[in-house]
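*Asks:* Any chance you could fold what I've pasted below:
(chains A and B)
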Amino acid sequence: MALSLQPAGNKSTSRELVPVRVLVVDDEALIRWSICMALTAAGFDAVSAGSSDDACLLAAEWPPPKVALLDIPPDGHGCELMGRLRRIYPDCRVLIMSTTRGKCPTLDDTLVQMVAKPFDLGEVVRLVGEAVQHGAATSEGVRR
Amino acid sequence: MNPQRDGLSYGPPVTLRPRWLRAGALLLTGLIFWADMITPLGVAVPALYVVPILLFMMGGEYWEPLVVANGATALILVGFFVGPEGGSPEIGAVNRPLETLIVWTAAGVVARYRLTLARWTVQYHADRAAREQSLARLEELEQALDQAAIVAMTDQTGKITYANDKFCEISKYSREELIGQDHRIINSGYHPKEFIRDLWRTIAQGRVWRGEIRNRAKDGTAYWVDTTIVPFLDAAGKPRQYLAIRSDITQRKAAEAQLVEQSALAQLGQLAAVVAHEVRNPLAGVRGTLQILRSRTAAAEGDREVMDAMIARIDVLNAKVDDILRFAKPRSPVFETVDLRAVLLDAIGSARAAAGSAAPDVIAPVTSLTIQTDREMLRDALLNLVLNACQAGSTSPIEVSVRQTPGACFIEIADRGVGFGDVDAERLFEAFHTTKKSGTGLGLAIVRRLISLQGGTIELLSREGGGAIARVTLPLESSGVA
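*Replies:* Reported below is the predicted structural model:
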């Protein structure tokens, strides 16, 4: 239950000049705020948006997000945003925050993970850290 | 048929064969004529002609006394003219018409009697035939009713005085066990007291009551009957006995309940999904914010404990939402080959851990049985049942057993707790029905849902000597004992 604020994304940030950017998209302000606080405390560059349009504008800024935490409501609207993000940044890892399961057609994508609401912030930070590390490992493999 | 036994006040009297009567009458008439021939005029011998006429009181046709009277009249006349010398002809001339009048009066009375008797006899036989026909029809109706319906008769106090085979069959009580008892013996406790009061009020007022009743058989299983209770009234208009005619509608009620449940579940599922989102989303925000605020609060201030408690409450609330979703919108089962014993041991271990240190011992089955089932669903269901048994209020060991028949396997979890008393076991499976202070009342409803999704059934039975037995029946396909 206790939230650990130890930096989790520092492995990748040490290799780059800028911290890893994580995009948080949710229409619930408290969720955006709390996740951003937790990720920032963990050494990530967390930015947040309350809508798909704002999220696209943020995603267009530099640096591009390595990980996106997206809210997928039961109507599945978030899937569209995920598709747009994945077209622009194919390597972007996506963590879906959802109150239900199995709605998004691309949920079986290996780059997409699921986290059920309400979640433990420590768990979210851990999953983001894992996604960043996994992404870095994959990129190195590709470069070799 | 004995007329007195049948309640009839009349019947055929003592009779003689007509042949003997006629011979007797002829002989007597001859004798009387002979006596008249040897007796001087003035002696009232011809009055004796009434004797052969009266003989026909004992039989014969109604007209036969009249024939005798005719003959006697002729003989009286003959006797007057050809009788012996002497006597008193004057007196004879007066007596003979009087004697003829007596003879004809007697003949008229006897003829009327015979005629009336003949009519009564015809009526008697007609009544008897009709009565026998009615009895035969009643017997046929009774047979048909016994074949078609569950029939019971009770006295005015409600004690059972008659129970047909079907009643015994459905209630699983013998006739001897039912006779003398009142219908509380099959009361399931399902209906509210007002329902039963209305029934008794109606029939006690001499009116017919119709309705559908859920009863409980001797083995604890429930059955539904469509019931008509007809009161039979005494002369004062008070019920002296009641006839209850019932038909088994258990299957229909089950189908109706299933339809209603499916419809309700579909609606609840839709509602729950929306509500779950609307609840979980802010819960996630509040929980996360609390975690951030907690991390910024100094450990010594004591506010952290409050925040931890708040987060714990949020997790409990979320667990309840999970329960509602699992009940209303469960996933489809994924069947795989599973070692039932391993699943049971897993469920027992988790249940005992959840019940804490006060959990009683659990005697687990030793037989391994391989079945096709959804492992996670079955584990959840069994965990819930074992946890219920652990929380049943007894320190006696819980006995978990497994047995199989060619088509099914049975898992029984038996405890020595408080049981469920007079509460209808079916009620315990209803959603939001709970006997615990805390709880959503969805535990057993979810268990039933999980089991039924796998084609199985669950029932709760009272255990002899106290406690309860939860029996899960799962269909067996491609399974075998290892």
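*Asks:* tell me the contacts of the closest residue to chain A within the stretch 1-150 of chain B?
*Replies:* Residue nearest to chain A within the stretch 1-150 of chain B (Cβ to the nearest Cβ): B:Ile150, separated by 48.6 Å. C-betas here are computed from N, CA, C, even on glycine. Applying Cβ atoms under 8 Å, 6 or more residues apart in numbering or on different chains to B:Ile150 gives the contacts B:Asn164, B:Lys166, B:Phe167, B:Ile170, B:Val225, B:Ala244, B:Ile245, B:Arg246, B:Ser247, B:Asp248.
*Asks:* Spatially nearest residue to it, not counting backbone neighbours?
*Replies:* The shortest distance from B:Ile150 to any non-neighbouring residue, by Cβ to Cβ, 6 or more residues apart in numbering or on different chains, is to B:Arg246 (4.1 Å).
*Asks:* from what I can see the one you found touches B:Val225, true?
*Replies:* Yes. Applying Cβ atoms under 8 Å as the test, B:Arg246 and B:Val225 come out as touching, 3.8 Å apart.
*Asks:* where do the contact lists of the two overlap?
*Replies:* Here B:Arg246 and B:Val225 share the contacting residues B:Ile150, B:Ile213, scored by Cβ under 8 Å, 6+ apart.
*Asks:* just checking, B:Ala360 touches B:Glu399?
*Replies:* Residue B:360: Pro, not Ala. No. Contact between B:Pro360 and B:Glu399 fails when scored by Cβ under 8 Å: they sit 10.4 Å apart.
*Asks:* just the strands in chain A please.
*Replies:* A:21-25, A:45-49, A:67-72, A:93-98, A:112-116 (DSSP state E).
*Asks:* Out of those, which gets nearest to B:Asp374?
*Replies:* With Cβ to Cβ, the closest approach to B:Asp374 among the strands of chain A belongs to strand A:112-116: 20.2 Å.
*Asks:* List the buried residues in stretch B:444-456.
*Replies:* B:Leu444, B:Ala445, B:Ile446, B:Val447, B:Arg448, B:Arg449, B:Leu450, B:Ile451, B:Gln454, B:Gly456 (16 or more other Cβ atoms under 10 Å in any protein chain shown).
*Asks:* so can I have JSON lines of the strands of chain A showing distance to B:Ile324?
*Replies:* As requested, the strands of chain A are exported to JSON lines (distance: least, Cβ to Cβ, whole Å):
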{"stretch": "strand A:21-25", "distance to B:Ile324": "27"}
{"stretch": "strand A:45-49", "distance to B:Ile324": "30"}
{"stretch": "strand A:67-72", "distance to B:Ile324": "20"}
{"stretch": "strand A:93-98", "distance to B:Ile324": "17"}
{"stretch": "strand A:112-116", "distance to B:Ile324": "15"}
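*Asks:* can you redo those as TSV with mean pLDDT?
*Replies:* Below are these laid out as TSV (pLDDT from 0 to 100):
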stretch	mean pLDDT
strand A:21-25	89
strand A:45-49	89
strand A:67-72	82
strand A:93-98	84
strand A:112-116	80
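*Asks:* In JSON lines, list these along with mean neighbour count and distance to chain B.
*Replies:* Formatted as JSON lines, those follow (neighbours: other Cβ atoms under 10 Å in any protein chain shown; distance: least, Cβ to the nearest Cβ, whole Å):
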{"stretch": "strand A:21-25", "mean neighbour count": "26", "distance to chain B": "11"}
{"stretch": "strand A:45-49", "mean neighbour count": "21", "distance to chain B": "12"}
{"stretch": "strand A:67-72", "mean neighbour count": "26", "distance to chain B": "8"}
{"stretch": "strand A:93-98", "mean neighbour count": "24", "distance to chain B": "7"}
{"stretch": "strand A:112-116", "mean neighbour count": "17", "distance to chain B": "8"}
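*Asks:* Okay, B:Glu140 and B:Ala126: tell me how far apart.
*Replies:* 21 Å (Cβ to Cβ, to the nearest Å).
*Asks:* ditto for B:Leu378
*Replies:* The gap separating B:Leu378 from B:Ala126 is 74 Å, by Cβ to Cβ.
*Asks:* Looking at the two, which is more packed in?
*Replies:* B:Leu378 (25 against 10; other Cβ atoms under 10 Å in any protein chain shown).
*Asks:* hang on, isn't that one packed against B:Ile458?
*Replies:* No. Applying Cβ under 8 Å as the test, B:Leu378 and B:Ile458 come out as separate, 11.5 Å apart.
*Asks:* Find residues that contact each of those two.
*Replies:* Residues within reach of B:Leu378 and of B:Ile458 at once, by Cβ under 8 Å, 6+ apart, are B:Ile451.
*Asks:* Alpha carbons only: can I get stretch B:220-232 in CSV?
*Replies:* Written as CSV, here are the backbone C-alpha positions of stretch B:220-232 (Å, rounded to 0.1, in the frame of the first residue of the first chain):
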residue,chain,number,x,y,z
GLY,B,220,-34.8,-31.0,2.0
THR,B,221,-35.3,-30.5,-1.7
ALA,B,222,-37.8,-27.9,-2.7
TYR,B,223,-40.8,-28.4,-5.0
TRP,B,224,-43.5,-26.1,-6.3
VAL,B,225,-47.1,-27.0,-6.5
ASP,B,226,-50.1,-25.2,-8.1
THR,B,227,-52.7,-25.6,-5.3
THR,B,228,-56.4,-25.5,-5.0
ILE,B,229,-57.9,-26.0,-1.6
VAL,B,230,-61.6,-26.7,-1.4
PRO,B,231,-63.3,-26.5,2.0
PHE,B,232,-66.3,-28.9,2.7
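*Asks:* and B:Ile76, helix, strand or coil?
*Replies:* Here B:Ile76 is recorded as helix under DSSP: H, G, I helix; E, B strand; the rest coil.
*Asks:* The closest residue in space to it that isn't next to it in sequence: how many residues sit nearby?
*Replies:* Leaving out its chain neighbours, the residue that sits closest to B:Ile76 by Cβ to Cβ, 6+ apart is B:Pro46, at 4.5 Å. By other Cβ under 10 Å, the residues close to B:Pro46 number 28.
*Asks:* burial count for B:Lys373?
*Replies:* One thing to correct before we go on: residue B:373 is Thr, not Lys. Count around B:Thr373 with other Cβ under 10 Å applied: 28.
*Asks:* Nothing else from me, thank you.
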